[in-house]
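# Fold the following, please.
(2 chains)
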There are 2 protein chains.
Amino acid sequence: MAKKKEFVEHITSQAEDFSRWYTDVIKNADMVDYSDVKGCMVIKPYGYGIWELIQKEMDARFKATGHKNAYFPMLIPESLLMKEAEHVEGFAPEVAWVTQGGTEPLQERLAIRPTSETIICSMYSRWVQSYRDLPLKLNQWCSVLRWEKTTRPFLRTSEFLWQEGHTVHETQAEAEEETMRMIRVYKEFAENVLAIPVIAGQKSEKEKFAGADHTYTMEAMMLDGRALQMGTSHNLGQNFAKGFDIKYLSREGKQEYVWQTSWGTSTRMIGGLIMVHGDDRGLKLPPKVAPIQCMVIPVAAHKPGVLDKARELTAALAAAGIRTEIDEREQSVGWKFNDCELRGIPVRIELGPKDLEQGQVVAVRRDTFEKITLPWEGLAEKIVSLLEDIHANMFAMAKAYRDAKIFPAKNFDEFRKGIDEGKGFVRAPWCGETACELEIKAETGATTRCMPLDEHEVVDGVCVHCGKPAKKIMYFGRSY
Amino acid sequence: MAKKKEFVEHITSQAEDFSRWYTDVIKNADMVDYSDVKGCMVIKPYGYGIWELIQKEMDARFKATGHKNAYFPMLIPESLLMKEAEHVEGFAPEVAWVTQGGTEPLQERLAIRPTSETIICSMYSRWVQSYRDLPLKLNQWCSVLRWEKTTRPFLRTSEFLWQEGHTVHETQAEAEEETMRMIRVYKEFAENVLAIPVIAGQKSEKEKFAGADHTYTMEAMMLDGRALQMGTSHNLGQNFAKGFDIKYLSREGKQEYVWQTSWGTSTRMIGGLIMVHGDDRGLKLPPKVAPIQCMVIPVAAHKPGVLDKARELTAALAAAGIRTEIDEREQSVGWKFNDCELRGIPVRIELGPKDLEQGQVVAVRRDTFEKITLPWEGLAEKIVSLLEDIHANMFAMAKAYRDAKIFPAKNFDEFRKGIDEGKGFVRAPWCGETACELEIKAETGATTRCMPLDEHEVVDGVCVHCGKPAKKIMYFGRSY
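As a prediction, this is how the structure comes out:
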């Protein structure tokens, strides 16, 4: 027990310092390391394994909704970046500039892509000629770079990995349909794969993407009550079409500007799943993105037959498609249990001499610590259904936690209480004006998160802050 | 027929101008486009689809040989890049430099990675402490940038996509074993997935990787007789270990420098498969990396039942795991046949009213143009085995072509004949000296390709060029 305690003490508790807890966990669970390059992280195999599973799940959804992958250059000439006015204003301050290629200074500076609308639109203006070329629905997996002053692994780094979808349509209605489709795909993914409940909704004018008509977002609540924007889907209207002269010959034989969307999610989601599910013992990974779903730990491995059987069960579970490993390292069993918990492995399987005699194993759930004795016969089926249970329970726990920390507010006292004492989200009627939004932020630190898509309350009464007539229901919260 | 001819005329014939043929094919088959950024290409969905299949096949092989994926920053501080002398000399002239981040000039220039040894070694020096941490076997999928003066899509572009493996070992023998293992994995992949016969062998001192003790390569012959280096595996010895101070506590309790390897392949392989298999009608894709393996074309689609049955067969083939699409576009059947050939789709399936009556389809092989009548019953199994046949035949054809253009040479007359008239590879005894290699290149344009691993001829006699005692068997050729 002494060893166990010592081990766990490497991690600051959530209650003591949530931010320290976060960095302790990702470092100790061997997910990331800091590099010599300011603001850039190294994603180690255990962290990258989660990203690979996220990619696989998402990519299948993109393809099922008719998108294809492509790759565009990472360097964008300054003149291209400047073509859409709002966009350049939003991104220019955080661009890294290449000014020298080989031994020669460049005639024109090249930006490392902070996002790829401009380079992609410059190609779309050549590719799109007629309505027959539409819709054009591409996605790109790549890294992007935004020069950040203060960074935190996964949540905000200068370079990060992401996917960015870019689509082109004949009509405004089709572009809106696509924008909505993709925020729905993201929400379904967050809930069914990451076990994270999210509020899908529309961003305020102030918070929308630089260059979009409007932006939808999915917002999750972390265990410290703060909001994390987990993915966004933008209706770009004709803003880029006009900046980049993307026109098509319509079915009526006229030259028309196209309608566009873009949408993205990133490695930031990994930060989200850590802060939604983790506890003082470490990570708690949702089974569908856990690089190791099941860790087999032989107990008293020197006793005859234990190791052989443990290996046999490991192979059988792996063969059944469960991501299973066996821990044969030289450390103590107690140390290995802790290590499993720290790394958030959903199920740990113990097999000792007694289990060997009785033809059973002991399975321990990471989400509840419940111990379940299971016979060898039919073990894989049992583990598969256990993993499903764990997913469902993790989602339910996260949702219960979040729902209890959403505070409806009719006036600014209630608003302050929700933010300052409740440390959660406030849901309130709002006037919709940027000036009011800025005042709220200055006074409470809370920002507008989104106007929910799935809550159809009639909005009447007055704005929670300024007292003007309310126009929207808005979620507010302090955010990452 | 008039239409067919007109269509094919978009592509220059191989005999007329091989280089034009190549660019015509990749442009017309919609694989790539040129961007506004010098030397950087856009990989369109049809080209990127091939890369995705390459990644999937390769990644499975890397994992099966015990490697894990990770991600390291794309920016490398200049001081890091300078730490290994030969390496910096090799790469510094082709680096793109970031000198400005956001609104501030940087204190130190940052290189966009031309390859990642330096940034990865800076992390390995922290991660490796003891023999228990070894071997460390990571791989990274990413893009790299090398500022190139003259570029050609897939073959040589400033930015390109690749994978780079980086491993660390206790002993020289283990590092050598890994270096060899990975060139073997590459060769097996080239032959069994890309249907490209390759010569695996060792590079000369002059041609090895900047910073390696020695380099293995796989070399393929294109249809114009020139060589393409398709992948390399480097034994880095202790060069980077010493530059980056990567030491470990040995089993004997001593601090020792580690032994390292690195190995890489890139989107260049796509250029290779185009130039090994293509013909005057266009691409000829090896079935295992063909984004569309089977294209169903309804003939007289307006006749009752044709379209329905064509769709039904398409769905059935897709459900059986064959990448199948149906061409329902408004163009003529002849145009669609040509389009299938241009895009190199291995099998085209025709279904018309007569086939409908007789419960059959006509399958046409892209490799031989053979027409085969197949009953609906058991169609998927037949297509699967047809695709296997096509792979085997494409490999056999490529090998026969290559083998006929490998010319053994005992003296420099024979050497010149092989290069100038034979327009192929020359295989000859060689002294092994860089000065001799440089003279051969100056006189014939041919460079050393590799010293074969799988040919165990006793080397006696004299160097094919300088007349000194021969030490090696070397392949020579003009190269891309």
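
# buried residues in the lengthiest helix in chain A?
Ranked by residue count, the top helix of chain A under DSSP state H comes out as helix A:379-404. For helix A:379-404, burial by neighbour count (16 or more other Cβ atoms under 10 Å in any protein chain shown) applies to A:379-380, A:382-384, A:386-387, A:389-391, A:394-395, A:397-398, A:401-402. For every residue, glycine as well, the C-beta is placed using N, CA and C.

# Check stretch A:440-447 too.
A:440, A:444, A:446, A:447.

# Nearest residue to the first one in space, ignoring adjacent ones along the chain?
If I follow you right, that is residue A:440. residue A:465 (5.2 Å; Cβ to Cβ, 6 or more residues apart in numbering or on different chains).

# How about the secondary structure of the one you found?
Secondary structure assignment for residue A:465 (DSSP: H, G, I helix; E, B strand; the rest coil): coil.

# you'd agree it is up against residue A:441?
No - counting by Cβ atoms under 8 Å, residue A:465 does not reach residue A:441; the two are 10.4 Å apart.

# overlap in contacts of the two?
Counting by Cβ atoms under 8 Å, 6 or more residues apart in numbering or on different chains, residue A:465 and residue A:441 have no contacts in common.

# tell me the helices in the stretch 151-300 of chain A, going along the chain?
A:172-192, A:239-244, A:268-277 (DSSP state H, counting those that start in this stretch).

# Of the ones you listed, flag the one that's most buried.
Each of those was scored by mean neighbour count; the highest is helix A:268-277, a mean of 25, by mean count of other Cβ atoms under 10 Å in any protein chain shown.

# Now tell me what touches it from outside.
Here helix A:268-277 has contacts from A:18, A:22, A:25-26, A:31, A:47, A:50-51, A:54, A:152-156, A:160, A:190, A:194-196, A:220-224, A:228-231, A:283-286, A:289, A:344, A:394, A:398, A:480, using Cβ under 8 Å, 6+ apart.

# do that again at 7 Å, thanks
Applying Cβ atoms under 7 Å, 6 or more residues apart in numbering or on different chains, the external contacts of helix A:268-277 come out as A:22, A:25-26, A:47, A:50-51, A:54, A:154-155, A:160, A:194-196, A:220, A:222-223, A:228, A:230, A:283-284, A:286, A:394, A:398.

# could you give the mean pLDDT of that helix?
Mean per-residue pLDDT for helix A:268-277: 98.

# Now do it and helix A:172-192, the angle between them.
Here helix A:268-277 runs at an angle of 50 degrees relative to helix A:172-192 (axes from the mean of the first three to the mean of the last three Cα atoms, to 10 degrees).

# now helix A:268-277: how far from the chain's centre is it?
7 Å (Cα atoms, centre = their mean, to the nearest Å).

# Was I right to think residue A:65 contacts residue A:185?
Yes - here residue A:65 lies in contact with residue A:185, judged by Cβ atoms under 7 Å, at a distance of 6.4 Å.

# coming back round to it: restricted to strands, list the contacts of helix A:268-277.
Residues of the contacts of helix A:268-277 located in strands (DSSP state E): A:160, A:220, A:228, A:230.

# can you tell me which two in the residues you listed are farthest apart?
A:160 and A:220 (17.5 Å; Cβ to Cβ).

# got the contact list for the residue nearest to residue A:31 when sequence neighbours are not counted?
Spatially, and ignoring its direct neighbours in sequence, residue A:31 is nearest to residue A:47 (3.4 Å; Cβ to Cβ, 6+ apart). Counting by Cβ under 7 Å, 6+ apart, residue A:47 touches A:31, A:32, A:270.

# which one of the buried residues of helix A:379-404 is nearest residue B:304?
For the buried residues of helix A:379-404, the nearest to residue B:304 is residue A:384 (46.9 Å; Cβ to Cβ).

# name the element the residue lying farthest from the centre of chain A belongs to?
When each C-alpha in chain A is compared with the mean C-alpha position (Cα atoms, centre = their mean), residue A:304 comes out farthest, at 45.8 Å. When elements are assigned from DSSP states H and E, residue A:304 belongs to no helix and no strand.

# and it, what pLDDT?
For residue A:304, pLDDT reads 95.

# give me every residue that touches it.
So residue A:304 contacts nothing (Cβ under 7 Å, 6+ apart).

# quick one: low-confidence parts of chain A?
In the predicted model, chain A carries pLDDT under 70 at residues A:1-9.

# What residues does the stretch 151-300 of chain A have near chain B?
Along the stretch 151-300 of chain A, the residues adjacent to chain B under the rule Cβ under 7 Å from any Cβ of the partner chain are A:159, A:161.

# And the residue of the stretch 151-300 of chain A that's closest to chain B?
residue A:159 (5.7 Å; Cβ to the nearest Cβ).

# Name whatever forms a beta bridge with that residue.
When bridges are called by DSSP bridges, residue A:159 pairs up with residue A:145.

# That one is in contact with residue A:38, isn't it?
No - using Cβ under 7 Å, residue A:159 is not in contact with residue A:38; the gap is 10.5 Å.

# Who has more neighbours out of these two?
Taking neighbours as other Cβ atoms under 10 Å in any protein chain shown, residue A:159 and residue A:38 compare with residue A:159 leading, 24 against 19.

# Next up, the contacts around that one.
Residue A:159 neighbours (Cβ under 7 Å, 6+ apart): A:40, A:143, A:145, B:73, B:74.

# Could you single out the nearest of those to residue A:91?
Out of these, the member with the shortest distance to residue A:91 (by Cβ to Cβ) is residue A:145, at 10.8 Å.

# Give me the number of neighbouring residues for that closest one.
Neighbours of residue A:145 using other Cβ under 10 Å come to 26.

# Tell me the buried residues in stretch A:121-134?
Applying a neighbour-count criterion of 16+ other Cβ under 10 Å, the buried positions in stretch A:121-134 are A:121, A:122, A:123, A:124, A:125, A:127, A:128, A:131, A:134.

# Pull the residues that contact it.
Counting by Cβ under 7 Å, 6+ apart, A:72, A:80, A:136, A:168-170, A:240, A:244-246, A:248-251, A:258, B:33, B:35-36, B:42 sit against stretch A:121-134.

# and the residues you listed, which are buried?
Of the contacts of stretch A:121-134, these count as buried by 16+ other Cβ under 10 Å: A:72, A:80, A:136, A:168-170, A:240, A:244, A:246, A:248, A:258, B:33, B:35-36, B:42.
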